[in-house]
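**Q** Attaching a predicted model along with its sequence, questions to come.
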Amino acid sequence: MQSIFDEIQKEELTPDLQLLADVCGMECVRLLLRTLPSSSFYLPKITRFEKFIARYVEQHQDKTERMLALELGVCEPFIKKITRSAKKGKIKMFK
C-alpha cells in the first residue's frame, strides 16, 4: 500500500529537507518523514566524536599528527589534546 509520503516531491520539501534529499535521496527523506515526524536533528562537526577520533589516532599510529589532522579536518593541537586525554584515561583509547 502506498503511503501519503510517497506523493511528496523534492521541490515541495523545505530547503533543509531538499538538501537532505540531494545527499541521501528522496526515499531516505520519505522514510524519515514516515518514522520520525516532528524530529529535529543536529549534525555535529567531527570534533564532537572524540571517541572516534581517539580510535582513529590509535589505529593510525604510523601517521604524523599533521597527517591525521589533515585527514580528519581538524587542527594539530586538537589531535594532541585527544591523545593526552586518552592517555589520562578520560577517553577510552589505549589498551
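**A** Arrived safely.
**Q** any low-confidence regions in this structure?
**A** Along the chain, segments meeting pLDDT under 70 span 92-95.
**Q** What is the longest helix along it packed up against?
**A** The helix spanning the most residues in the chain, taking DSSP state H as the definition, is helix 76-87. Here helix 76-87 touches helix 50-59, helix 65-72, going by 3 or more C-beta pairs under 8 Å, 6 or more residues apart in numbering; DSSP states H and E. C-beta here means a position set from N, CA and C on the backbone, and glycine is covered the same way.
**Q** Can you name the residues in contact with that helix?
**A** Helix 76-87 is contacted from outside by 47, 50, 53-54, 57-58, 65-66, 68-69, 72, 91-94, using C-beta atoms under 8 Å, 6 or more residues apart in numbering.
**Q** what's the answer for stretch 59-75, then?
**A** 46-47, 53, 56-57, 76, 78-80, 83.
**Q** Spatially, what comes nearest to Asp6 if we skip its sequence neighbours?
**A** Arg30 (6.4 Å; C-beta to C-beta, 6 or more residues apart in numbering).
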